[in-house]
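> Using only what follows, build the 3D model:
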Amino acid sequence: MAMDLETPLRSLLTPLGLDLYDVELAKGTLSVIVTKEGGVDLESLTKANRTISEWLDANDPIPSRYTLDVSSPGLERRLRTPGHFLSTVGEVVTLRELRDGQPTRRLEGIVVEADETSVTLDDAEHGRVVVVLDKIERARTVFKWGGEAKPTPSRGKTKSSSTSKKG
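The predicted model follows:
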């Protein structure tokens, strides 16, 4: 992105108790991703949207038409910056590694370490792998649902086996 929107957006979000996770202008949409300790609620998103929208209207930093989208990163958040990877140490991530002269490689594993230029994964298939951030096509965290899947009840049960009560 040609203009620096990170600095002003951070200063707008901090008083709201929010942190800027990511900002990207692509395909006519200005995506602003925000986080907060304990999670982002709808009220926080609404305040952030209103605050950012008012600032954009007053300062007009983007010459073309665009749509503002303010959201939280979600359960499986996109990873683009060194800071994103640093924040995932100990978490499971999946990524696509571009390899010169070889097919793209998909890796999934726990982030063992990360720095400004690379991330080290403990991949189930390949073991410990160091990937240069510039060679990552795309990456995201992986949300693992807790526990085993519960068995679904048999469709052949009779109504007498039901334990539901009407209030």
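
> quick one: average pLDDT of stretch 99-115?
Mean pLDDT, stretch 99-115: 92.

> List the buried residues for that stretch?
Within stretch 99-115, the residues scored as buried using 16 or more other C-beta atoms under 10 Å are 105, 107, 109, 110, 111, 114. C-beta: built from backbone N, CA, C; applies to glycine.

> Stretch 116-133 now?
Result for stretch 116-133 [16+ other C-beta under 10 Å]: buried residues 118, 119, 120, 121, 123, 129, 131, 133.

> on that earlier part again, just the ones in helices from the buried residues of stretch 99-115, please.
Among those, no residue falls in helices (DSSP state H).

> ok, those residues vs residue 81, which is closest?
residue 114 (10.5 Å; C-beta to C-beta).

> ok, that closest one - contacts?
Going by C-beta atoms under 8 Å, 6 or more residues apart in numbering, residue 114 touches 82, 85, 86, 88, 89, 120.

> And the next helix or strand past the lengthiest strand in the chain?
Counting residues, the longest strand found in the chain (DSSP state E) is strand 102-114. Beyond strand 102-114 on the C-terminal side, the first helix or strand identified by DSSP states H and E is strand 118-123.

> And the next helix or strand after that next one, what does it pack against?
Next helix or strand after strand 118-123 toward the C-terminus (DSSP H and E): strand 127-132. On a contact count with 3 or more C-beta pairs under 8 Å, 6 or more residues apart in numbering; DSSP states H and E, strand 127-132 meets strand 102-114, strand 118-123.

> 10 Å instead?
For strand 127-132, the elements it packs on are strand 92-99, strand 102-114, strand 118-123, judged by 3 or more C-beta pairs under 10 Å, 6 or more residues apart in numbering; DSSP states H and E.

> and it, how far out from the chain's middle?
The chain centroid and the centroid of strand 127-132 are separated by 21 Å under C-alpha atoms, centre = their mean, to the nearest Å.

> Just the angle for that strand relative to strand 118-123, thanks.
Between strand 127-132 and strand 118-123, the angle comes out at 160 degrees (axes from the mean of the first three to the mean of the last three C-alpha atoms, to 10 degrees).

> Residues contacting strand 127-132, please?
85, 95-99, 105, 107, 109, 112-114, 117-123, 139 (C-beta atoms under 10 Å, 6 or more residues apart in numbering).

> burial measure for the nearest residue in space to residue 135 that is not next to it in sequence, as a count.
Among residues not flanking residue 135 along the chain, residue 98 sits closest, at 4.9 Å (C-beta to C-beta, 6 or more residues apart in numbering). Residue 98 has 15 neighbours, counted by other C-beta atoms under 10 Å.
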